Each structure stands twice: as C-alpha cells, then as structure tokens.
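[1] got a structure for you, letters missing:
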C-alpha cells in the first residue's frame, strides 16, 4: 500500500480536493445544492475505486444518502463503511489563514505538511482514506471481503434521517462490522482505538423579557434584563465541584470500577502539552476525575453559543427584549438523550423567574455506546495499526458523539469499530482545520492492513 500511495498521491490529492472544494455545510439551508453535488461526486469516486453499484438516495426534506457495495463472495466477511460528507460551517471566516473551501497543502506550525480545508479531517479526509484503501485492494487483487459504504450528509446536525433510512433498508446493510474513521487518536506516537463514545442532548434556550428593546436610561434598574437573567440561570447549571445541577442528571450514570479506570489511565497524557495545544494555563472540570476521564467517561454541560442585545459597532444604550443560548450536554452510555432533554427543560422552566418567559427547544440528541475490545474486528485493527505505527494502540473512550452509530448498532445488530486517525491539533469544527499528510497516509495503510487481519 505504501508504494501505491507514493505512485498515486497526486491523483489522490486532486480527488480529495474535488470533495473539499464543495461547501457541503448541512447546517445552512442555502447549501442544499452543494450537498447533492458532493453526494454525486462521492458516487463517482466509489465507482472509479471499484464498487459494483453506487447511487445517491434522496431522503425527503433531508440530504441524500450515498450507498455503494462490492459483493465478492457471500462466504467472506462483509464490512460496512460509514462516513459523512457534510461539514461544519466555516465561520468565522476571518480566522482562517486561507479559504476554507480552497484546499491546499502547507506547513503546519511544527513544520510538517498538512492539508488545510474545512472537512480535511472531519470527515472527508478520513472517509477518503477508505475509498483509496478499497481501490488498492481491488486493483491489487487483494480484496477478500465484501464491502458496503453508507455516507450521509447530516452527521453535523445530528443525523435526523439516517436511522430511518437504515431501518427502511436494513436488508441491504447486513455486515460483520461497521468500520468508521471519524475520530481522533491520542497522538502519532501513541495510537489509540476508541472503544466508546458519548451521547448528546442539544437544546436552544430563549428568554423573553419586555415586548421590545427599551431605553437603558429610562428602564434600566427597574426592568429585568433578559441577558443578565439568562446568565444567572446558566451559571447555576454547574456547581463549584463541576457537577451539573439538573436533578436526576446523574441517575443513570454508571460509575466505572477502580480496575476499569486504571485500564483507561494506561493512556499517556501530557498535561502541559494538552494546555499548550489550546492556549490555556489550567484545566477545569468535575472534581475527583482526571482530564481524560472528564472527556471520556463522564457527562458534561457546555454553553455553545449565547447572544442578545446590540453587538454592532459603537454604543446603543438599550435594555434588550430577549436573550438566547445553545447548550449541549455530552452523555455517557445508559443516559438517554430524550430523558436528559426532558429533565433539563423542566428544570429550567421551573427555575426561570416570573419576570421573564422562557422557551427550551430541543435541537438534536443521540445515545452513547461501548464496544468490546476483545472482538475480532478490534483485534484486527490493533494488529494493523501496530504494524504501521510500530506500537500497539491503546483502548480509549471518545469524548465526542456520532449519535447515529448507536442507532445503527441497535437496528443492525452490528458493533461499530472506531478506527480514527485525526489528532487534536487538527482543530476540527474550528478555523484552519487540517490533516497531517503523515496521518492521512498512515490511515490508508492501516485500513488496508485491517482487511488482511480481519478474516
């Protein structure tokens, strides 16, 4: 595979860049035509790589699903590859060093070559590794598996339609494992494989005060300010020990044993490097847990956005009529997103003062999941990555969410395998998203070797 990459890397870059140039932002309605264009391009690349069938399947009111397959021998194992072609919004654009939809290869701050673009890592770059590993296996005559591909265009908005599509087409999707590259590893020197991810409950809070913006001189001090009221409500959601104060929030959280925590603690962690990588001087979180545990095995609550009042140039002395916030709660397995959403909504509605009205609107949600590290697929991925990186990967728990994988696991009865090659330095969801070429190439090699060992 290494030689195949060297001989074809210029073509690989141009094919990947053809995907990265398409602004397939699922959160923006105006990008609907781009979503279809990106799906069609993926169909072309799948057929060129060797798929027997590939097509774009419309989903009413939603972005299309790309499905492809190559069935070689019904007695061989079947791998279902999942990925997503939608990306996060690129804003704030002024924070990018280059056009987020004009991909380029340049040196990163450490002097290493990396691809810079929105989606370079999450998830077009990582998805693309599977296409090229598949292409290599087909063209070299080394493909001894059946492959199916499902690529969706709504992961970044909570995958509202894919579970229904999977349920409807369940007969198409039988496989032995769901192979996914949409996660990060601990570092280039210490590869890891995620054995679980957190779930998500995401809501919007709207607080309404007076029926119009008011003159802050005429009304200030006599009428409640919705922004200040919302800030008071939010500040009460987490206590001094870093615990969420919503009643019932921790009822279904399973406490890991000392032995399990010790296993997870095997993963090396450099606190200073962690802080330096994101420009902070100290960490903060739930009392009694390490930073890695706070990210992987504990739930949390974060304010993802807050707005209200006048924020334009110069001064405008108004008391705003409303204030708004978007809040996410990352959940651990056994916490149900619908239950947590209900608890949060009821709590905020009960604690909001009577001088403001409040609306709590659920936006998206999904469940967390765990996978056994003793499975043949996990062991095959471990052998493959050890051969490429020269060191055995350690199991880890992912802090992010791919909610639809829990749905697919339940509907299809198949465990996902999270074989991700991103790094924290790649700043996914942020300006200047990138993907190291060394990781891009190592990912292709590792995926190709996975098929060698997954028999």
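    It's in. Given the structure is predicted, the values throughout are model-derived calculations rather than measurements.

[2] The residue of the chain most remote from its centre: what's it in contact with?
    The centre of the chain is farthest from one residue, residue 218, which by C-alpha atoms, centre = their mean lies 47.1 Å away. For residue 218, the contact set (C-beta atoms under 8 Å, 6 or more residues apart in numbering) is empty. For glycine as for every other residue, the C-beta is placed from the backbone atoms N, C-alpha and C.

[3] helix/strand/coil for it?
    Following DSSP: H, G, I helix; E, B strand; the rest coil, residue 218 is assigned to helix.

[4] which residues of the stretch 351-455 of the chain fall in strands?
    Under the criterion DSSP state E, counting those that start in this stretch, the stretch 351-455 of the chain contains strands at 357-366, 369-370, 394-398, 416-418, 434-436.

[5] what's the most buried one of those?
    Highest mean neighbour count of the strands of the stretch 351-455 of the chain: strand 434-436, a mean of 27 (counted as mean count of other C-beta atoms under 10 Å).

[6] what lines up beside it in the sheet?
    When sheet partners are counted by DSSP bridges, strand 434-436 sits next to strand 113-116 (antiparallel).

[7] Run through who's touching the partner strand.
    Strand 113-116 is contacted by residues 13, 16, 20, 97-98, 103-108, 120, 125, 432-438, 440 when judged by C-beta under 8 Å, 6+ apart.

[8] So which of those residues are in helices?
    13, 16, 20, 125, 437-438, 440 (DSSP state H).

[9] From start to finish, how long is stretch 94-112 in a straight line?
    24 Å (C-alpha to C-alpha, to the nearest Å).

[10] same check, this time on stretch 129-149
    End-to-end distance for stretch 129-149, by C-alpha to C-alpha: 13 Å.

[11] What residues sit buried inside it?
    Within stretch 129-149, the residues that count as buried by 16 or more other C-beta atoms under 10 Å are 129-138, 143, 145-149.

[12] and stretch 420-432, average pLDDT?
    Mean pLDDT, computed over stretch 420-432, is 95.

[13] out of the ones in helices among the contacts of strand 113-116, which are buried?
    In terms of neighbour count (16+ other C-beta under 10 Å), the buried residues within the ones in helices among the contacts of strand 113-116 are 13, 16, 20, 125, 437, 440.

[14] Just name the closest of these to residue 414, please.
    Each of those was scored against residue 414 by C-beta to C-beta, and residue 125 proved nearest at 24.6 Å.

[15] Model confidence for the nearest residue to that closest one once chain neighbours are set aside, exactly?
    Nearest non-adjacent residue to residue 125, counting by C-beta to C-beta, 6 or more residues apart in numbering: residue 435, 4.4 Å away. Residue 435 is assigned 98 on the pLDDT scale.

[16] my guess is residue 435 meets residue 427, correct?
    No: applying C-beta atoms under 8 Å, one finds residue 435 not in contact with residue 427, separated by 10.4 Å.

[17] re earlier: with residue 210 as the reference, measure out to the residue farthest from the centre of the chain.
    11 Å (C-beta to C-beta, to the nearest Å).

[18] can you check residue 34 too?
    According to C-beta to C-beta, residue 34 stands 40 Å off from residue 210.

[19] Look up the closest residue to residue 248, ignoring the ones flanking it.
    Excluding the flanking residues, the one nearest residue 248 by C-beta to C-beta, 6+ apart is residue 343, at 4.9 Å.

[20] part of a helix, is that neighbour?
    Yes: secondary structure assignment (three-state DSSP) places residue 343 inside a helix.

[21] burial of it, as a residue count?
    18 (other C-beta atoms under 10 Å).

[22] Tell me the pLDDT of it.
    Each residue has a pLDDT score; the one for residue 343 is 98.

[23] repeat for the one 5 residues further on
    The predicted local confidence for residue 348 comes out at a pLDDT of 96.

[24] With residue 262 instead?
    82.

[25] Where does pLDDT dip in the stretch 51-200 of the chain?
    Within the stretch 51-200 of the chain, not a single segment meets pLDDT under 70.

[26] Just the strands from it, written as ranges.
    With strands called from DSSP E, counting those that start in this stretch, the stretch 51-200 of the chain shows them at 53-59, 62-70, 78-84, 104-107, 113-116, 146-152, 177-180, 192-197, 199-208.

[27] Direction included, what does the second one pair against?
    Applying DSSP bridges to the sheet, strand 62-70 is found paired with strand 53-59 (antiparallel), strand 146-152 (antiparallel).

[28] same deal with the third one?
    In the sheet containing strand 78-84, the strands it pairs with under DSSP bridges are strand 146-152 (parallel), strand 177-180 (parallel).

[29] likewise the last one?
    Its sheet considered, strand 199-208 pairs with strand 322-331 (antiparallel), strand 357-366 (antiparallel) by DSSP bridges.

[30] Not counting the very next helix or strand once past that strand itself, show me its contacts.
    Moving toward the C-terminus from strand 199-208, the next helix or strand (DSSP states H and E) is strand 214-215. The list of residues contacting strand 214-215 from outside it, by C-beta under 8 Å, 6+ apart, reads 223, 317-319, 321.

[31] Just among these, which is most surrounded?
    residue 319 (24 neighbours).

[32] I figured it hits residue 228, correct?
    No: using C-beta under 8 Å as the test, residue 319 is too far from residue 228 to be in contact (9.7 Å).

[33] So what does residue 318 have for phi and psi?
    With angles defined as degrees, to the nearest 10, residue 318 sits at phi -120, psi 150.

[34] can I assume it is in contact with residue 308?
    No: contact criterion C-beta under 8 Å: residue 318 and residue 308 do not qualify, at 10.4 Å.

[35] quick one, what contacts residue 334?
    By C-beta under 8 Å, 6+ apart, the contact list for residue 334 reads 252-254.

[36] Adding distance to residue 394 as columns, could you present these in TSV?
    As requested, those are exported to TSV (distance: C-beta to C-beta, whole Å):
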residue	distance to residue 394
252	27
253	24
254	21
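
[37] Could you check stretch 58-76 and say which residues are buried?
    For stretch 58-76, the neighbour count (16+ other C-beta under 10 Å) marks 59, 62-70 as buried.

[38] Need those in JSON lines (columns: distance to residue 364).
    Formatted as JSON lines, the buried residues of stretch 58-76 follow (distance: C-beta to C-beta, whole Å):
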{"residue": "59", "distance to residue 364": "16"}
{"residue": "62", "distance to residue 364": "13"}
{"residue": "63", "distance to residue 364": "14"}
{"residue": "64", "distance to residue 364": "19"}
{"residue": "65", "distance to residue 364": "18"}
{"residue": "66", "distance to residue 364": "21"}
{"residue": "67", "distance to residue 364": "23"}
{"residue": "68", "distance to residue 364": "27"}
{"residue": "69", "distance to residue 364": "29"}
{"residue": "70", "distance to residue 364": "33"}
